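Trainee: mind looking at a prediction? Sequence and model below.
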Amino acid sequence: MDDFLPGDIRELRDAFVDFMTRAILPELPAYEAAGQFPRELVRRTGEAGWFGVVFPESLGGSDAGFLAMAVLAEEMARLDPGFALCHNQQGMTCPYTIFVGGTDAQCARFIPDLIGGRAIGLWSLTEAGGGSDAAGNLKTFAVRRGDRYLLNGRKMFATLADETDTGVLFARTDRSAGHRGISAFVVEPKKHPGYAAQPIDFVGLSRMTRSCEVVLDDFEVPVENRLGAEGEGFALAMHAIQAGRVSVAARAVGIARACLDEAMRYARERPIRGQPLASYQMTQAAIADAVVAVEGARLMTWHAATLMDRDLPANRVAAQAKLAASFALKQAAGTAQELFGGYGLASEYRIARLTSYAHVFLVGEGAPAVQRILIAEDALGIKNADRHRVSYRHPRANRHPG
């Protein structure tokens, strides 16, 4: 598979794996045991430049591109899926939404600290009861009062909301305008009153990187923090989700690879009737099917990222990659659990933690049903998945000057 990657991206990946192995992984268990957010490790990763690969050098990035981003996200998730939950907040959906929708001044103000790991990000669209109909059920409302907005409502499943310094949050500014009444805001919870985040307990997931419910009670957001004009928020969200799907697909592939590594190691070591579990054809068949699914999803993800690097329409392929990757992860996790048997549920085995993330990446950035609708309507000629032409690599055309 490496033959499909340019040499510079292979070198970048190897350097990143070395960095993670030396500077991050040895310290993560202590944070996990304490249930403490690894802010210092996020800062260390950002300072090393690993969150900024899709952003220009003028904002502190390296401009290595979306394929580089996908490869690094895959490796981060393979090495530690809990730490990899930081990826979208620091290196993709959160700063990318600002990059697409913000003014030059907003980009310069917020993006360098996010990708540099000095500010913890947030991207919050989902609300209770919203699910896949985020626009139809979005009830959080923003009312303008002079030079600021007051936001009231609740958000759900907001990753890192209890730690965020700078995030992107969506609220209605016009209740009668449907999705055209949604606006996007850069929020700074530690600077303004009215914001409270409560971590949600999830079985089997990391205790150091949490997803939260957020309560907004006259939460203040300066007018200067609005991204674009009022009513442009949903379009910004959809653009960012298209790019975010590639990150989510890549991380799903990374966790799937980790599941397969654990499964194959265990199958070689576990004796059954005097023979390694790996010697039985049913084991081999299950492994083969999972390998094919994972490698196929990996190629689709790299294809989507490459289209984005070429500034070509990518929503169709990104949706296909995200669906394929989430199913590949589910298959790899199920294969591993079956081979491990009861041990697959024991916390002392890494596979138990890995398989807990299969559902997270099944529904994140669009549940399977959403991807299927998008893919099927496109294939049947009902609705072109790439009908909205956007620039990924040069989104200045999508941004307001200022």
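Mentor: Perfect, thanks for sending it. Owing to the predicted nature of the structure, the values given are computational and were not obtained by experimental measurement.

Trainee: and the closest residue to residue 92 other than its chain neighbours, how many residues sit next to it?
Mentor: Nearest non-adjacent residue to residue 92, counting by C-beta to C-beta, 6 or more residues apart in numbering: residue 247, 4.4 Å away. Heads up, the C-betas are built off the backbone N, CA and C, glycines and all. Around residue 247 there are 31 other residues, counting by other C-beta atoms under 10 Å.

Trainee: how far away is residue 247 from residue 361?
Mentor: According to C-beta to C-beta, to the nearest Å, residue 247 and residue 361 sit 11 Å apart.

Trainee: distance from the helix or strand hosting the residue nearest to residue 92 to the middle of the chain?
Mentor: In this structure, residue 247 sits in helix 233-269 according to DSSP states H and E. Relative to the chain's own centre, helix 233-269 is displaced by 8 Å; criterion: C-alpha atoms, centre = their mean, to the nearest Å.

Trainee: list the strands paired with whichever helix or strand comes after that helix, with their directions.
Mentor: The first helix or strand that comes after helix 233-269 along the chain, using DSSP H and E, is strand 271-272. Strand 271-272 has its sheet partners listed here by DSSP bridges as strand 275-276 (antiparallel).

Trainee: which SS class is residue 359?
Mentor: Each residue gets one of three states, and residue 359 gets helix by DSSP: H, G, I helix; E, B strand; the rest coil.

Trainee: can you map out the helices along the stretch 201-350 of the chain?
Mentor: Assignment of helices within the stretch 201-350 of the chain using DSSP state H, counting those that start in this stretch yields the ranges 233-269, 281-309, 315-340, 350-363.

Trainee: if you could redo that for the stretch 51-200 of the chain, that was the one I meant.
Mentor: 66-79, 81-84, 87-91, 93-101, 104-115.

Trainee: show me the contact partners of the second one.
Mentor: Contacting residues not belonging to helix 81-84 are listed as 24, 28, 32, 38, 41, 73, 76-77, 205-206, 208-209, 251, 254-255, 258, 353-354, 357 [C-beta atoms under 8 Å, 6 or more residues apart in numbering].

Trainee: how far off helix 93-101 does the helix holding residue 247 point, in degrees?
Mentor: 150 degrees (axes from the mean of the first three to the mean of the last three C-alpha atoms, to 10 degrees).

Trainee: which parts of helix 233-269 count as buried, going by neighbours?
Mentor: 233-264, 266-267 (16 or more other C-beta atoms under 10 Å).

Trainee: okay, buried residues for the lowest-mean-pLDDT helix or strand in the chain please.
Mentor: Least confident helix or strand, the chain: helix 350-363 with a mean of 88, by mean pLDDT, DSSP states H and E. For helix 350-363, a neighbour-count test (16+ other C-beta under 10 Å) marks 351-363 as buried.

Trainee: of all the residues you listed, which two lie farthest apart?
Mentor: Within the buried residues of helix 350-363, two members stand farthest from each other by C-beta to C-beta: 351 and 363, at 20.8 Å.

Trainee: point out where the protein drops to low pLDDT.
Mentor: Residues of the chain meeting the criterion pLDDT under 70: 130-132, 393-402.

Trainee: report the central residue of it.
Mentor: Among the residues of the chain, the one closest to the centroid is residue 88, at 4.0 Å (C-alpha atoms, centre = their mean).

Trainee: what distance do you get for that residue to residue 224?
Mentor: Counting by C-beta to C-beta - residue 88 and residue 224 are separated by 25 Å.

Trainee: how far does stretch 268-275 stretch from start to finish?
Mentor: Its start and end residues considered, stretch 268-275 measures 9 Å (C-alpha to C-alpha, to the nearest Å).

Trainee: equivalent analysis for stretch 14-28, please.
Mentor: OK, stretch 14-28 end separation, C-alpha to C-alpha: 20 Å.

Trainee: contact partners of it?
Mentor: 38, 41, 44-45, 48, 50, 72, 75-76, 79-80, 82-83, 208.

Trainee: quick check, nearest of the residues you listed to residue 133?
Mentor: Among these, and counting by C-beta to C-beta, the member closest to residue 133 is residue 82, at 29.0 Å.

Trainee: tally of neighbours for the closest one?
Mentor: 20.

Trainee: residue 360 versus that one, what's the distance?
Mentor: For residue 82, the distance to residue 360 - C-beta to C-beta - is 10 Å.

Trainee: joint contacts of those two?
Mentor: Looking at what touches both residue 82 and residue 360 (by C-beta under 8 Å, 6+ apart), the common residues are residue 205.

Trainee: give me the angle between the least confident helix or strand of the chain and helix 315-340.
Mentor: Going by the same axes, to 10 degrees, helix 350-363 makes 150 degrees with helix 315-340.

Trainee: ok so, going back, need the helices of the stretch 51-200 of the chain in a markdown table with distance to residue 278, can you?
Mentor: Output for these, formatted as a markdown table (distance: least, C-beta to C-beta, whole Å):
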| stretch | distance to residue 278 |
| --- | --- |
| helix 66-79 | 21 |
| helix 81-84 | 25 |
| helix 87-91 | 33 |
| helix 93-101 | 39 |
| helix 104-115 | 42 |
